[in-house]
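1. Task: produce atomic coordinates for the following.
(one chain, ligands or ions: 1)
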Amino acid sequence: MTKKNDTKHAVKHHLHPFSDNGQLKKNGVRMMVKAKGIYVYDSDGTEIIDGMAGLWCVNIGYGRKKLAKIAKKQMEVLPFYNTFFKTSHPAVIKLSEKLIEITPDEFNHVFYTNSGSESIDTMMRMVRHYWASVGQPSKKIIIGRWNGYHGSTIGGASLGGMKSMHQQGDLPIANIVHIEQPWYYGLANDNESEEEFGIRAANWLEEKILSLGADKIAAFVGEPIQGAGGVIIPPASYWPRIEEICRKHNILLVSDEVICGYGRTGKWFGFQTLGFTPDICTTAKGLSSGYLPIGAVLVNDKVTEGLLAGGEFNHGFTYSGHPVAAAVAYENLNILADKNIIEKVYTKTGPYLRKRWQETFSQFKYIADIRTEGLMCGFTLVKNRETREFFEDFGTTGLLCRDIFFKNNLIFRACGDHIVAAPPLIISKKEIDIMLSIAATCMREFEELMDQKLSH
Ligand code: PMP
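-> Alright, predicted model coming up:
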């Protein structure tokens, strides 16, 4: 089968997520057929660097045979059993113990899901149930941030601050509100320091709380670093101030760790890097490095105590704590720990990527706000970096740039006009160099293209 037929065939029956399926039917897709380490291979045998670790999830890299072995063994022994009706199984118990081992002391309980969106929906129901259980049922409002991403279910899409998602289907649902994101380059006043901006941005939360009434607010939810919003890294002053505000007004603090969790920022969790302690963490992705779908909501003792007082929590999924996914996730966490993968991100590859990312992209005139934390990185495409002038129709130029990367067999992603990368955590310094040398070639091509476009 030729590649062309192959790719058209792929979209004959399949409606793709987050895609213009009409366009896909016309143009086809690229077929990925295998993967190893940081590389994926298409049906032509072309080697592609996966600078996005799939969808920010393949933390331990592709091709770990041990996980396949463990999945097979678990399927043979106990492929499925539920945990609804006074039953449990060894795989989920082992995973829970492991999760408790890697979280701070006050985290001793886990609720399982199959995805980040389900973790978010679970958390939304959980915080409201918590407040009702401790006698404050009016605390229902959940505060998120514009440009935050919390998934694609009705709950997750509502809590996220993606206006394009809200536009499709009358979102957000009731009792969800948003504050502005802490994006220094985009929103700081002239002469405002990063630290000052971080405090001002956090204070938007307090203003919102005061205008709505703390007695009506259940929780504030944020990604430590906004991922799909474009790798927006807040100033160091931001999260400690957010935590202070939540404590002062008796509002639960939720860290959405679906991307940042399990090593992405060089620590087990993003909140450890960004300097705060949440009450609840929503996680998924890196929990199994994407080898099987599984998510987990990590709950601290204060919230657990309230939940236990509240009797039955009428919530759960058929596959909550699925034995095969749990066994695979357990082994994934062991690999992350035993092979010092996260430690290396913190001490070696993270700092190296930061230096090389800066060096590589600072030479290009249409790039501003070059940023990294651990193995999460981004920059913003701008018409003029001194005057902070963006391109018209935010997002169009990003896609153009992203397609140049893709054509050159490097997967980076466009989030609006932010270009982002998040390679598997096992990437070596040498592979970082290879990745960035291709990226530089792509940016030269992009710069020429924009020079031409702007001269017309
Ligand atoms: N929260 C965050 C921070 C995410 O980045 C994502 C997915 N990118 C989700 C939630 C939703 O996860 P899923 O796609 O697994 O439902």
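
2. gap between the residue in the stretch 301-450 of the chain that the ligand sits nearest to and Asn340?
-> Of all residues in the stretch 301-450 of the chain, Ala422 sits closest to the ligand, at 10.1 Å by CB to the nearest ligand atom. Any C-beta I mention is one placed from the backbone N, CA and C, and that applies to glycine too. Ala422 sits 19 Å away from Asn340, going by CB to CB, to the nearest Å.

3. neighbour count winner among the two?
-> Ala422 (28 against 12; other CB atoms under 10 Å).

4. can you list the residues of the stretch 1-150 of the chain near the ligand?
-> Residues of the stretch 1-150 of the chain that fall close to the ligand, judged by CB under 6 Å from any ligand atom: 55, 115-117, 120, 149-150.

5. what about 8 Å?
-> 55-56, 115-120, 148-150 (CB under 8 Å from any ligand atom).

6. Would you convert the residues you listed into a markdown table that also reports secondary structure?
-> Shown next, in a markdown table, are those (DSSP: H, G, I helix; E, B strand; the rest coil):
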| residue | secondary structure |
| --- | --- |
| Leu55 | helix |
| Trp56 | helix |
| Ser115 | coil |
| Gly116 | helix |
| Ser117 | helix |
| Glu118 | helix |
| Ser119 | helix |
| Ile120 | helix |
| Gly148 | coil |
| Tyr149 | coil |
| His150 | coil |
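
7. Identify, from those, the entry nearest to the ligand.
-> Looking across those and measuring by CB to the nearest ligand atom, the closest to the ligand is Gly116, at 2.2 Å.

8. Just confirm that closest one contacts Cys281, I think it does.
-> No - in this structure, Gly116 is not within contact of Cys281 by CB atoms under 8 Å, at 11.5 Å.

9. any shared contact partners between these two?
-> Asp256 (CB atoms under 8 Å, 6 or more residues apart in numbering).

10. what residues are up against Pro293?
-> Applying CB under 8 Å, 6+ apart, we find Pro293 in contact with 114-115, 284, 319, 325.

11. among those, who's most crowded?
-> Ranked by the number of neighbours (other CB under 10 Å), those place Ala284 first, at 29 neighbours.

12. Strands of the stretch 351-456 of the chain, start to end?
-> 367-373, 376-384, 389-390, 410-411, 413-415, 418-421 (DSSP state E, counting those that start in this stretch).

13. Pick the most buried one from the ones you listed.
-> Mean neighbour count, computed with mean count of other CB atoms under 10 Å, is highest for strand 418-421 among the strands of the stretch 351-456 of the chain, reaching a mean of 26.

14. Name every sheet partner of that strand and say whether each one runs parallel or antiparallel.
-> strand 376-384 (antiparallel), strand 413-415 (antiparallel) (DSSP bridges).

15. Let me see the mean pLDDT of it.
-> Average pLDDT, strand 418-421: 98.
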